[in-house]
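J.: Predicted model follows, preceded by the sequence.
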Amino acid sequence: MDDRVKAIAERISEKVVGYRRDFHRYAEVGWTEFRTASLVARRLLELGYDVEAGRGVIREADRMGVPSHDVLEACWRRAREQGGDVEFLDLMRGGFTGVVASCGDAQGKTVGMRFDMDALEVTEADGAEHPPAREGFASVNHGVMHACGHDVHTAIGLGVAEILREVGDSLRGRVKLIFQPAEEGVRGARSMVGAGVLDDVDFLLGLHVYSRWKTGQIAWGMNGGFATSKFDAELRGSPAHAGSAPHEGNNALLAAATAVLNLHAIPRHRAGASRINVGRLTAGTGRNVVSPTAHLVVETRGATTTVNDFMYEQAVRVLESAAAMHGCTLEIREMGAAQSADSDPELAERVSAVGMRLGGFTPRDSAPTGGSEDFTYMMTRVQSRGGLATHMGVGARTGGAGHHTSDFDIDEEVISLAMALLASTTLDLLDSS
Ligand SMILES: [Zn+2]
């Protein structure tokens, strides 16, 4: 069966590379992946999957960092102009850009796979040394770029879907393909977990491409991503004439300044590394006005969910106290979050056995990246129900430009490798369970 899967992967790889280039050209940021997600849904339906999209797979209350109504609408209209699927676009309007496709025998076990679809607010390089520009598929959406490879992930997902349909007679269980919005800023996964998408998954596979690892280098089970909380804090006081009535004001700028210094003074936690960063502070109106408002953009991180929870709770306490000190009110808005989660070694070993059989992979250790990944919400849900999950990293190096930079690129050879790996692993897991 491995040979058959590999042959199909090779046969369809040119078409799947075409999908990747199309998604790359029409890059969309988190919660605005209307065109991408609607075309994904259409393709999965054509392949014969049961497809759910929109509110059925995205729990509204669990979405984080959603753009404003006006931005969502403008992006929705753009998607329609750029060839999005009209029927699915309607289901996704308002930022419900998730898709779940399933097929197979519900009596058996379920293998779930997650593919993220969003791009970043990065302006793409336009020089001839940048392959997407040279080959004519650089982003036409100015200031938005697939600079983390999620276009590649989405294309791989469609490729896996096609392979599994072709060998579908031998499926001894169920396959569930999960296309997630808004991974950047760790904003999207929780809403799909909240919608119950993971509740029937026994084995969960996730994969990220890395531009700085040699093509085919692979970490079968990544561990140690930071748990993180992203939030905005709004302090509101009251304005007053700074000369004639300073005692009548409540100074939000001072409250914010007090908070910033003390946020960075939260004690360390013995259970592991922690981080805090106030990335932006804006406050005030004029030179002679007691500042009535202040806005802080903050994130905390922790080596474990416990450490991050500690950092977050302390941060809230500092902000509340600083607000109280200056007679201001405080509003905190959650903008993103991820947990820490470890891959199950047992499942990572199963995948590695398949990968080594297929060939083309060189194992490597998964050094912690210092980053965060909201796939951990999905892993934790599956693991808490007794299932197994693993998150893989796969190298795909061309020029070696870093993630989230304007000349980032991915070696497209990885597409066929990853499609074969995920499809063969699915068959392997269902065969023996
Ligand atoms: Zn990424």
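T.: Perfect, I can see it now.
J.: What segments of the stretch 251-400 of the chain are strands?
T.: With DSSP state E, counting those that start in this stretch, the ranges of strands along the stretch 251-400 of the chain come out as 274-283, 293-302, 329-338, 362-363, 388-395.
J.: Low-confidence stretches in the stretch 1-150 of the chain?
T.: Filtered on pLDDT under 70, the stretch 1-150 of the chain yields no residues whatsoever.
J.: what mean pLDDT does stretch 424-433 have?
T.: Stretch 424-433 carries an average pLDDT of 92.
J.: For the closest residue to residue 130 other than its chain neighbours, the count of nearby residues, please.
T.: Nearest residue to residue 130, sequence neighbours excluded (Cβ to Cβ, 6 or more residues apart in numbering): residue 407, at 5.2 Å. From N, CA and C alone the C-beta is placed, and that goes for glycine too. For residue 407, the neighbour count with other Cβ atoms under 10 Å is 22.
J.: quick one: pLDDT of residue 407?
T.: 96.
J.: Surely it touches residue 123?
T.: No - checked against Cβ atoms under 8 Å, the pair residue 407 and residue 123 is beyond contact range at 10.8 Å.
J.: returning to what we had before: pick the most buried one from the strands of the stretch 251-400 of the chain.
T.: When the strands of the stretch 251-400 of the chain are scored by mean count of other Cβ atoms under 10 Å, the highest mean neighbour count falls to strand 388-395 (a mean of 24).
J.: Contacts for that strand next, please.
T.: 202-210, 212-222, 341, 343-344, 346-348, 351, 364, 366, 373, 375-376, 378-379, 382-383, 414, 417-418 (Cβ atoms under 8 Å, 6 or more residues apart in numbering).
J.: Produce a PyMOL select command limited to the buried residues of those residues.
T.: Provided next is the PyMOL selection string for whichever of the contacts of strand 388-395 are buried by 16 or more other Cβ atoms under 10 Å:
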select buried, resi 202+203+204+205+206+207+208+209+210+213+215+216+217+218+219+220+221+222+341+343+344+347+348+351+364+366+373+375+376+378+379+382+383+414+417+418
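J.: Regarding the closest residue to residue 426 other than its chain neighbours, which helix or strand does it belong to?
T.: Residue nearest to residue 426 in three dimensions, not counting chain neighbours: residue 111, with 4.7 Å by Cβ to Cβ, 6+ apart. Using DSSP states H and E, the element containing residue 111 is strand 110-116.
J.: If you count neighbours, what's buried in the helix or strand following that strand?
T.: Remark: after strand 110-116, the chain's next helix or strand is helix 131-134, criterion DSSP H and E. By 16+ other Cβ under 10 Å, the buried positions in helix 131-134 come out as 131-133.
J.: Output these in TSV, with distance to residue 227 appended to each entry.
T.: Formatted as TSV, the buried residues of helix 131-134 follow (distance: Cβ to Cβ, whole Å):
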residue	distance to residue 227
131	35
132	33
133	37
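J.: What's the local residue count around residue 271?
T.: Count around residue 271 with other Cβ under 10 Å applied: 12.
J.: Repeat that for residue 200.
T.: 16.
J.: for it, what are its contacts?
T.: Under the criterion of Cβ under 8 Å, 6+ apart, the neighbours of residue 200 are 110, 174, 176.
J.: helix/strand/coil for residue 176?
T.: The three-state label given to residue 176 by DSSP: H, G, I helix; E, B strand; the rest coil is strand.
J.: Over to residue 13?
T.: Residue 13 - assigned by three-state DSSP - is helix.
J.: Would you mind measuring from it to residue 117?
T.: Residue 13 sits 20 Å away from residue 117, going by Cβ to Cβ, to the nearest Å.
J.: which one of these two has more residues nearby?
T.: Applying other Cβ under 10 Å to residue 13 and residue 117 shows that residue 117 carries more neighbours, namely 26 against 19.
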